[in-house]
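# One predicted model, sequence on top.
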Amino acid sequence: MLRHLRTVFDLDRDEILSLFDLAREMKKYPGRFGDSLKGRTLAMIFEKPSLRTRVTFQTGIFQLGGQGIYLAPSDIKIGKRETTQDIARNLSRWCDIVMFRTFAHKNIQELAEGSSIPVINALCDSYHPCQALADIFTLYERRHDVHNLKLAYVGDGNNVLHSLINISAILGIQLSYATPEGYEPKEDVLKLAQDYATQHNSGATFEATHVPAEAVKDADAVYTDVWASMGQEDQAAARRKIFEPYQVNAELMKHTKPGAWFMHCLPAHRGEEVTDEVVDAHYSVVFDQAENRMHAQKALMYMLIKR
Ligand code: CP
Ligand code: NVA
């Protein structure tokens, strides 16, 4: 059956936990999987910049025996040179899987609709599911059980928070978040997650506040992201003022559970959403998250296309 990863909700709890177990095995014994996607091709469409996503996908497919082909915006001019649907139909004839970094989520849906190969959302304005999988895998490696995990997010109610909300709903994570007024996560994203958590009795809880110290109280991990995402560069100066009280610094980290981890999807704007002393602290796991992007995505690609 054709499967995509448009949002984390394309996977259920058991599939996510299997993905974590496979990612852990691939991380420990990479040689065992060296030929597992031999001869397979991953098309990589980017409409926004990237360091981690590009390198982890391309290296990941290579380590599994396949190849990645990078397609820059200027190469294919998606939706301008030809329709998204026609691009999907072409890629489906040559490739085995495609990842897409774009602006509107509807572009991901359109590509998936036209495609007979799996489509992976590699970040859009609304979601970043690959990031959330790697993030919670990073915590799973440390705790094995994500139940009773309290994750706090401080900052913008953006794509990264939306995907953390999704995965929390599925896995039963207690998520608290502090955003400035007017920068909360989208109501429909929260509603869907709350409904999912209730229907599946996952145990997830969601607590919203505008006060960072309240959100991080007794947290096992504190997460933040940039105040202005890709595509919002013109709002960066205005947002810097609004978000100033939302900086994650050593003072804020004092409110967490002892030994709490600091998390960030990167790139970090040091001195803005996080101070050097926190991002470089012994309790910071940001580079483990970045490394785990590759292991989690290898497991994801394997699960989506292994025949
Ligand atoms: N975290 C992340 O997706 O990084 P890039 O934008 O560098 O890919
Ligand atoms: N929210 C950020 C995440 C970058 C990985 C952005 O969309 O730019």
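Arrived safely, thanks for sending. Numbering: from 1, shown residues only. Ligands and ions are numbered 1, 2, ... in the order given.
# Over to residue 229. Which of the three states is it?
In three-state terms, and counting by DSSP: H, G, I helix; E, B strand; the rest coil, residue 229 is coil.
# Could you report the distance from the closest residue to it other than its chain neighbours to ligand 2?
Setting aside the residues directly before and after it, residue 229 is nearest to residue 158 in space (Cβ to Cβ, 6 or more residues apart in numbering), at 5.3 Å. (C-beta placed from N, C-alpha, C; glycine too.) Summarising the geometry, the distance separating residue 158 from ligand 2, computed by Cβ to the nearest ligand atom, to the nearest Å, is 5 Å.
# Just give me the neighbour total for residue 158.
Using other Cβ atoms under 10 Å, residue 158 is surrounded by 24 other residues.
# ok, which stretches of the chain are strands?
Residue ranges of the strands in the chain, as given by DSSP state E, are 41-46, 67-71, 97-101, 119-121, 150-154, 174-178, 205-209, 221-224, 261-264.
# Rebuild those as CSV, extending it with mean neighbour count and distance to ligand 2.
As requested, the strands of the chain are exported to CSV (neighbours: other Cβ atoms under 10 Å; distance: least, Cβ to the nearest ligand atom, whole Å):
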stretch, mean neighbour count, distance to ligand 2
strand 41-46, 22, 12
strand 67-71, 17, 17
strand 97-101, 26, 9
strand 119-121, 27, 12
strand 150-154, 27, 12
strand 174-178, 23, 14
strand 205-209, 15, 19
strand 221-224, 27, 10
strand 261-264, 24, 9
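# Of all those, which one is nearest ligand 1?
Closest to ligand 1 of the strands of the chain is strand 97-101 (Cβ to the nearest ligand atom; 7.5 Å).
# so how far is the closest one from its chain's centroid?
Distance of strand 97-101 from its chain centroid, counting by Cα atoms, centre = their mean, to the nearest Å, is 14 Å.
# could you check the angle strand 41-46 makes with it?
Our comparison of strand 97-101 with strand 41-46, counting by axes from the mean of the first three to the mean of the last three Cα atoms, to 10 degrees, yields an angle of 10 degrees.
# start at 52 instead
In the new numbering, first residue 52, that becomes strand 148-152.
# who does strand 148-152 touch, helix- and strand-wise?
For strand 148-152, the elements it packs on are strand 92-97, helix 103-114, helix 156-165, strand 170-172, helix 337-356, judged by 3 or more Cβ pairs under 8 Å, 6 or more residues apart in numbering; DSSP states H and E.
# Reformat the strands of the chain as CSV; add mean pLDDT and distance to residue 54.
CSV is the format used below for the strands of the chain (pLDDT from 0 to 100; distance: least, Cβ to Cβ, whole Å):
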stretch, mean pLDDT, distance to residue 54
strand 92-97, 98, 15
strand 118-122, 98, 19
strand 148-152, 98, 10
strand 170-172, 99, 9
strand 201-205, 98, 26
strand 225-229, 98, 26
strand 256-260, 98, 27
strand 272-275, 99, 27
strand 312-315, 98, 27
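# re the thing from before, most packed of the helices and strands packed on strand 148-152?
Most buried of those, by mean neighbour count (mean count of other Cβ atoms under 10 Å): strand 170-172, with a mean of 27.
# from memory residue 122 sits against residue 96, does it?
Yes: counting by Cβ atoms under 8 Å, residue 122 sits close enough to residue 96 to count as a contact (4.8 Å).
# Please tell me I have it right and the residue nearest to residue 280 contacts residue 276.
Yes: here residue 209 reaches residue 276: they are 6.2 Å apart, a contact under Cβ under 8 Å.
# who in this structure is up against ligand 2?
For the chain, the contact set with ligand 2 under Cβ under 6 Å from any ligand atom comprises 174, 209, 210, 211, 276, 277, 280, 281, 316.
# So, low pLDDT: which residues of the stretch 102-251 of the chain?
In the predicted model of the stretch 102-251 of the chain, no residue satisfies pLDDT under 70.
# what does the stretch 252-358 of the chain put close to ligand 1?
Applying the criterion Cβ under 6 Å from any ligand atom, the portion of the stretch 252-358 of the chain that neighbours ligand 1 consists of 316, 317, 318.
# hmm, try it at 5 Å
Proximity of the stretch 252-358 of the chain to ligand 1 is confined to residue 316 under the rule Cβ under 5 Å from any ligand atom.
# Name the spans of the stretch 252-358 of the chain whose pLDDT lies under the cut-off.
Across the stretch 252-358 of the chain, the ranges flagged by pLDDT under 70 are 358.
# still on that earlier bit, among the residues of the chain next to ligand 2, pick out the one closest to ligand 1, please.
Nearest to ligand 1 out of these is residue 316 (Cβ to the nearest ligand atom; 4.1 Å).
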